[in-house]
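*Asks:* next comes the sequence, and after it the predicted model I'd like to discuss.
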Amino acid sequence: MRVAENVSPLDLADYQKAVRLILRQPLITIAYPDAGALPLVRRWAGQLRADLPDTLGYKLITTADTVRLLRVQDDLDGTQPALTANGKRPFDRRRYAYLVLTLAALGRSGTQIALGELADSVAADAVRIDGLGMDTERKADRDAFVDAVTWLEARGALRTADGSAAAWANDPERAEALYDIDREVTGTVYRPSRVLQHLGSVTELLDREMPTGFAPGREAQRRTAARRARRLVLEQPAVYYADVDEALRGQLRSPALAEDLERLTGLTLERRAEGVALVDFARRLSDQHFPSGGTVQQAALLLGARIVEQAAKPRTERLSAATAAERRAALAARIDSALPERGLTGALAEFAERAETPGPLPWTDDDEASAETVYPFVTDSWLRGATKKLTAEYGKGMSGDLRDDPDRLTRLAVAQLAALRLVAPVDGGVLALPMLARYRGVTAQVRTRPRAAGSAAAPVEQPVLFATDPEDETL
């Protein structure tokens with residue numbers, strides 16, 4: 001079946017906008033992310049329910065006031081955390097725990113609840129969890145709890161009827177807040193794909209659809225591999241052929257992959273010798289825009305260009321990168337190390353003995369490890385030196401705290417490049433991955449722009465760093 005088969009050419013752009021919206025915001029309510037989102041997606045709900053399962057293996061659930069996209073997870077991804085209300089601070093483990101406990105408490109509540117009452121309920125559950133706890137006398141615990149509540153409020157699960165959560169966090173003895181509970185939204189927010197009590201590892205949340213057999217089985221395998229390939233390209237900044245097995249490699253090279261994804265999303269698929277990437281020219285889908293403004297983004301762009309220059313030198317050492325299976329296994333081991341040791345089911349107890357050696361990615365063939373791919377290696381000391389040179393040359397346009405701490409700026413810039421699969425961190429440095437070469441022609445200059453100066457009559461000129469990517473594209 002062709003993607004968007006029943007969508008006319010005149011309506012295709014509007015349909016693609018709905019697709020991008022539901023992919024970017026898997027939960028849509030009357031209030032979230034804005035008032036126009038729900039009507040747009042509901043208009044195309046029928047076509048979305050046909051295209052998303054067939055193309056990506058995703059499931060769309062619609063109710064009167066919500067739309068929920070249930071994704072299939074092929075890999076562990078730590079690059080899309082929940083964020084605090086200001087959008088700057090990722091949730092830590094404490095905030096995630098309070099969020100889940102808050103949802104559980106709301107499920108036991110009526111149509112309204114006071115913030116103090118909700119906090120007491122969450123605290124009663126939290127103290128029974130080793131290493132968590134919640135003391136409403138501690139400001140740090142109140143702040144973490146309010147971050148979880150505010151996250152739910154932004155999505156319409158809670159609506160403030162009276163009072164202020166911020167005031168309660170500052171002084172719970174003098175302030176209070178009252179919330180209306182939207183039970184439809186609270187029931188839609190948390191939709192796990194497995195019964196969590198039965199899990200032995202975080203990897204059991206990943207897709208394990210692996211059809212077998214002959215004749216019709218082979219066709220089913222081909223369709224499964226095609227969906228997995230589309231998901232990889234859609235969910236990852238870049239997909240390298242060296243990371244996948246032969247079946248997926250064939251699907252990634254297929255002309256149908258580009259046709260399906262471009263018609264579904266309106267984005268452009270870029271092919272290179274080493275892999276593929278979905279390029280977001282207009283920045284309509286990407287959760288991370290690169291290149292972008294800000295000291296870290298600009299420094300990452302400039303540092304990436306310097307890494308490309310260094311990597312091109314003939315004497316640069318080349319090393320192999322960890323495979324996708326190895327990266328997944330290392331991350332899974334870290335997550336699984338936090339599994340509780342008391343009250344485990346039989347499956348959890350059995351897994352505790354093998355947690356250090358999780359299996360390979362379901363889409364990675366261990367036989368592929370024999371064909372090692374090597375990449376240029378640059379050391380940590382070289383990275384720090386390159387960043388210091390950048391701050392010396394362009395420091396006037398950088399934020400003062402990062403300019404004065406080049407080691408921290410190096411760490412943040414490298415983390416940005418790694419999140420986009422442009423470099424691979426290894427012991428002692430990073431490996432330059434092929435997609436980084438698209439930024440080799442970056443140029444930069446420090447300009448000035450007006451900045452409001454309080455009550456001053458005339459604006460103050462503020463130096464700002466402008467690094468320019470000649471292709472000016474966002475992964």
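*Replies:* Arrived safely, thanks for sending.
*Asks:* would residue 67 count as being in a strand?
*Replies:* Yes - judged by DSSP: H, G, I helix; E, B strand; the rest coil, residue 67 forms part of a strand.
*Asks:* which non-adjacent residue is nearest it?
*Replies:* Using CB to CB, 6 or more residues apart in numbering and skipping residues adjacent in sequence, the residue nearest residue 67 is residue 28, 4.3 Å away. C-beta: built from backbone N, CA, C; applies to glycine.
*Asks:* how much space between that neighbour and residue 115?
*Replies:* Distance, residue 28 to residue 115, by CB to CB, to the nearest Å: 26 Å.
*Asks:* before we move on, what about residue 173?
*Replies:* Distance, residue 173 to residue 115, using CB to CB: 13 Å.
*Asks:* do the same with residue 325
*Replies:* Going from residue 325 to residue 115 by CB to CB gives 45 Å.
*Asks:* how about residue 319?
*Replies:* Distance from residue 319 to residue 115, counting by CB to CB: 53 Å.
*Asks:* same deal with residue 15?
*Replies:* Per CB to CB, residue 15 is found 41 Å from residue 115.
*Asks:* cool, residue 100 as well?
*Replies:* Using CB to CB, one gets 18 Å for the distance from residue 100 to residue 115.
*Asks:* more neighbours: those two, which one.
*Replies:* Neighbours per residue (other CB atoms under 10 Å) separate residue 100 from residue 115, with residue 115 holding more: 25 against 16.
*Asks:* my guess is that one meets residue 162, correct?
*Replies:* No - using CB atoms under 8 Å, residue 115 is not in contact with residue 162; the gap is 10.1 Å.
*Asks:* who touches both of the two?
*Replies:* Taking CB atoms under 8 Å, 6 or more residues apart in numbering as the contact rule, residue 115 and residue 162 both touch 177-178.
*Asks:* below-threshold pLDDT in this structure: ranges please.
*Replies:* Flagging of the chain using pLDDT under 70 yields the residue ranges 1, 208-216, 340-371, 445-475.
*Asks:* hey, which helix is longest across it?
*Replies:* Counting residues, the longest helix in the chain under DSSP state H turns out to be helix 215-235.
*Asks:* got the contact list for it?
*Replies:* 23, 55-57, 72, 74-75, 77, 207, 209-213, 239, 244, 247-248, 250-252, 254, 256-257, 260-261, 265, 269, 276-278, 363.
*Asks:* what of stretch 108-121?
*Replies:* Stretch 108-121 is contacted by residues 102, 105-106, 134, 136, 142, 145-146, 149, 161, 163, 165, 168, 172, 176-181, 183 when judged by CB under 8 Å, 6+ apart.
*Asks:* and residue 238, how many neighbours?
*Replies:* Neighbours of residue 238 under the rule other CB under 10 Å: 23.
*Asks:* isn't it right up against residue 277?
*Replies:* Yes - counting by CB under 8 Å, residue 277 is a contact partner of residue 238 at 4.4 Å.
*Asks:* any idea which element the residue nearest to residue 158 when sequence neighbours are not counted lies in?
*Replies:* Once flanking residues are discounted, residue 158 sits nearest to residue 179: 4.4 Å by CB to CB, 6+ apart. Per DSSP states H and E, residue 179 falls inside strand 177-181.
*Asks:* packing partners for that strand?
*Replies:* strand 112-114, helix 115-126, strand 158-163, helix 165-170 (3 or more CB pairs under 8 Å, 6 or more residues apart in numbering; DSSP states H and E).
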